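Fold the following.
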Amino acid sequence: MIKIKEIINDDINKLFELETDDNFTIESVFYRGNTLCVSSQVGCPIKCLFCASGMKGLIRNLTFEEIIQQYENAEKENITNITFAGIGEPLLNWENVQKAFWYFKEKGLKVSFYTTGFPLKNFKQLLNLPHNGVSLSLHAVSEENRKKLIPKSASIDKLISILKEHTEKLSNRKRKLYSLAYLLIKDINDSKEELDRLAEIAKELKFSISLLKYNEIEGIPYKTTTDEDYEKTFLYLKNKGLKITLSNKYRTRKIGGCGTLMINRLKS
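Numbering: from 1, shown residues only. Below you'll find the model as predicted:
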């Protein structure tokens, strides 16, 4: 059982701090006027070096009830979409996430996922669900750099192979449900060589790219790119004939932006 501890608003996002029976705080976010971003774990074992959610590692999985109660606590909002993009890797709590997925679908909600693709067995199962979108959180295009940024991650080559096999027979309409998420971090994954390889992968898969802008977080040394360089990177990739989107205003906020969700939020 979870209950609302606090609701924090900025001018466009609404962050729900939710307390579990064992006194941990997780977060979900209502944004874009119709979407609830839900968490699947208390903490995260993936421990991406740029993300606040995994700074304390994994404490435990959320139960099925705790996942759907995030929706029930925000149900008065105009929610039409659920995205598993909050705290935790949904594939590492797969039994409960799948159960919640079907619950949300029965409610008539559209359900999408952001995932690192780990573990691969569950990633394959996710692709075969009647989902409304899967975005692979790639963030680096060499095995060495990805292992550095995402210590617990699957092989890029294996992920590409699984995605190619799954999508090769899909219609263009269904292929549009898949994308690559790439969080641009200054001097870490923004070199010309890396961007060229990212473009090659996107073309090989015929996927769009979601080019995300890094939100700086206290205690994490990485820096965001300037707006000018972010725009230049967007144009560089777009000029290669790729379909690419930029972080929208909802994803660049201290409240509810990419990588900012955490357990037991410290107030300033």
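
where along the stretch 51-200 of the chain do the strands fall?
Counting by DSSP state E, counting those that start in this stretch, the stretch 51-200 of the chain has strands at residues 58-61, 81-84, 110-115, 134-137, 178-184.

pull the CA atoms of stretch 159-179 into CSV?
Written as CSV, here are the backbone C-alpha positions of stretch 159-179 (Å, rounded to 0.1, in the frame of the first residue of the first chain):
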residue,chain,number,x,y,z
LEU,A,159,20.1,-5.5,-28.4
ILE,A,160,20.4,-4.4,-32.1
SER,A,161,20.1,-8.0,-33.2
ILE,A,162,16.9,-8.6,-31.1
LEU,A,163,15.4,-5.4,-32.4
LYS,A,164,16.2,-6.2,-36.0
GLU,A,165,14.7,-9.6,-35.8
HIS,A,166,11.5,-8.3,-34.1
THR,A,167,10.9,-5.3,-36.3
GLU,A,168,12.0,-6.5,-39.7
LYS,A,169,8.5,-7.7,-40.6
LEU,A,170,6.6,-4.9,-39.0
SER,A,171,4.7,-2.3,-41.0
ASN,A,172,6.1,1.2,-41.0
ARG,A,173,3.2,2.3,-38.7
LYS,A,174,4.1,-0.3,-36.1
ARG,A,175,7.9,0.4,-36.5
LYS,A,176,7.1,4.0,-35.4
LEU,A,177,6.4,2.6,-31.9
TYR,A,178,10.1,2.1,-31.4
SER,A,179,12.9,4.6,-30.8
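
Buried ones in that stretch, by neighbour count?
By 16 or more other C-beta atoms under 10 Å, the buried positions in stretch 159-179 come out as L159, I160, I162, L163, H166, T167, R175, L177, Y178, S179. The C-beta positions use only the backbone N, C-alpha and C, and glycine is treated the same way.

CSV please, covering these and showing pLDDT and distance to S142.
Shown next, in CSV, are the buried residues of stretch 159-179 (pLDDT from 0 to 100; distance: C-beta to C-beta, whole Å):
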residue, pLDDT, distance to S142
L159, 97, 13
I160, 97, 13
I162, 97, 19
L163, 97, 18
H166, 96, 23
T167, 95, 23
R175, 93, 25
L177, 97, 27
Y178, 97, 22
S179, 97, 20
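
now, which of the residues you listed sits nearest N81?
Nearest to N81 among the buried residues of stretch 159-179: L177, at 13.1 Å, using C-beta to C-beta.

just to revisit the earlier point, among the strands of the stretch 51-200 of the chain, which is nearest I4?
Closest approach to I4 among the strands of the stretch 51-200 of the chain (C-beta to C-beta): strand 81-84, 17.8 Å.
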